[in-house]
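Novice: pasting a predicted model and its sequence here:
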Amino acid sequence: MGLLTPEPGLLFWMLLSFGIVFFVLAKYGFPVIVKMVEERKTYIDQSLEAAKQANERLKGIQEEGERILSEVRSERSVILKEANEIRTKIINEAKESAHVEAGKIMDDARQSIEKEKALAIRDIHNQVAALSIDIAEKILRKNLENKPAQQELIDKMVAEVQLN
């Protein structure tokens, strides 16, 4: 007999052995393998679902981050605008205060100048009066040295007093 042509007895035992192995595998092996494949499939499906949910949460977080950034930018622009307005207000108040202060200083300077001017004029009047008295005294002394001039001056003054 040849190698390629099996004997009927051998074929029977091979089929019987194959049947027993198939029966044992079908009874105990395949359910375990199928169960493990199903568990693996379930695990993969759960992992895919978890990844999908994680992606959705990531998108939500990104959208939330963009929304927060947008709010921060708008708040920043509002704060900068308010700061600008406050700065302008402070500058304007400072200018106004400086103008008021400069006005007070100018008024004080004018009053001081007027006081100094009045004092100078009074001093000049006093000096002019003193000079006038000195001059009048010198003239009177000169005129009073001779008797006829004295008599004439006295008569003239008495006449002026009577007219007034």
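Specialist: Here it is on my side, so go on.
Novice: switch to C-alpha atoms for all contacts and neighbour counts from now on
Specialist: Will do.
Novice: how much space separates residue 14 from residue 140?
Specialist: 177 Å (C-alpha to C-alpha, to the nearest Å).
Novice: mind giving me the packing neighbours of the helix of greatest length in the chain?
Specialist: In the chain, with assignment by DSSP state H, the single longest helix is helix 30-144. In terms of contacts (3 or more C-alpha pairs under 8 Å, 6 or more residues apart in numbering; DSSP states H and E), helix 30-144 is packed against helix 147-163.
Novice: report the buried residues of the helix it packs on.
Specialist: residue 150 (16 or more other C-alpha atoms under 10 Å).
Novice: run the chain-centre distance for it.
Specialist: 90 Å (C-alpha atoms, centre = their mean, to the nearest Å).
Novice: cool, and stretch 15-24?
Specialist: Taking mean C-alpha positions (C-alpha atoms, centre = their mean), stretch 15-24 and its chain are 88 Å apart.
Novice: and stretch 84-95, by the same measure?
Specialist: 12 Å.
Novice: same thing with stretch 156-164?
Specialist: The mean C-alpha position of stretch 156-164 is separated from the chain mean by 86 Å, C-alpha atoms, centre = their mean.
Novice: cool, and stretch 8-28?
Specialist: 90 Å.
Novice: returning to what we had before: how far does the longest helix of the chain sit from its chain's centre?
Specialist: With C-alpha atoms, centre = their mean, you get 8 Å for helix 30-144.
Novice: what is the orientation angle of that helix with helix 147-163?
Specialist: 120 degrees (axes from the mean of the first three to the mean of the last three C-alpha atoms, to 10 degrees).
Novice: tell me the mean pLDDT over helix 30-144?
Specialist: Mean pLDDT, computed over helix 30-144, is 91.
Novice: secondary structure class for residue 4?
Specialist: The three-state label given to residue 4 by DSSP: H, G, I helix; E, B strand; the rest coil is coil.
Novice: spatially speaking, which residue is in the middle of the chain?
Specialist: residue 83 (4.0 Å; C-alpha atoms, centre = their mean).
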